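Student: Next input, structure requested:
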Amino acid sequence: MRIRTGAASAALTAALLAASAAVPAQAAENRDAQQYRSVTSEKSARAGSGIGAFRTYGDNVHFSHTVRGHINAHGWWKVLSGPARGVKAKVTVDLQVKRGGQWKTLTRASKNVYSGGGSGKRTAAAYKCTYNVGQYDFRSVIDVDLIGYPDDNYKKITATQRLGCGL
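Tutor: Residues are numbered from 1 along each chain as shown. Okay, the predicted model is just below:
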């Protein structure tokens, strides 16, 4: 996970960075958790405050619990602080497979959602397996762009999952 911050939470950022220096990273995801970014707009800069801090979330690619023979990946975001509670974000999820040593996107889904998660506040990408034999590596790439605010190119990449989903 990665926390994104705006000008309003500079003190929070400094405190979290100081705390993270004392905590050893235990997994690749934890190493990414302490990276921060600024999300502000011309309007918020003039007002002297940013959008605040938020975190990008995504689950590992998995077999669907509702549609037999499909694999799914979900992406969402949550506000940590600041005025972003009333802001929607465009959440894009790429469901990818590793073939020939490279990651290829099988499907992409985007949706404008409020902070939160759950079925109404997330984006779902789904892919129909052609058969359930053969093992392939899958992952998802989640991009959260707050609507009306500039964004960098950070994307959350979930852990690789080996699944018996034919292509």
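Student: Pretty sure T158 sits against A73.
Tutor: Yes. With contact defined as CB atoms under 8 Å, T158 counts as touching A73 (7.0 Å). In short, each C-beta sits where N, CA and C put it, glycine included.
Student: Looking at the two, which has the bigger crowd around it?
Tutor: Neighbour count, other CB atoms under 10 Å: between T158 and A73, A73 has more, with 28 against 22.
Student: Name the residues contacting each of T158 and A73.
Tutor: G58, D59, N60, V61, S140 (CB atoms under 8 Å, 6 or more residues apart in numbering).
Student: In strands, which of these fall?
Tutor: Judged by DSSP state E, strands contain the following of the shared contacts of T158 and A73: G58, S140.
Student: Run through the helices of this protein in chain order.
Tutor: 10-21, 28-33, 42-47 (DSSP state H).
Student: Would you single out the least confident of those helices?
Tutor: When the helices of the chain are ranked by mean pLDDT, helix 42-47 comes last with a mean of 26.
Student: what residue ranges in this structure score low on pLDDT?
Tutor: For the chain, applying pLDDT under 70 flags the ranges 1-51.
Student: could you pull out the strands for it?
Tutor: Using DSSP E, strands in the chain cover 3-4, 53-58, 62-63, 70-81, 89-99, 102-113, 123-128, 136-146, 156-157, 161-163.
Student: Run the angle between the fourth one and strand 89-99 for me.
Tutor: Pointing back at strand 70-81 there. Orientation check (axes from the mean of the first three to the mean of the last three CA atoms, to 10 degrees): strand 70-81 against strand 89-99 gives 140 degrees.
Student: tell me which residues in strand 70-81 are buried?
Tutor: I71, N72, A73, H74, G75, W76, W77, K78, V79, L80, S81 (16 or more other CB atoms under 10 Å).
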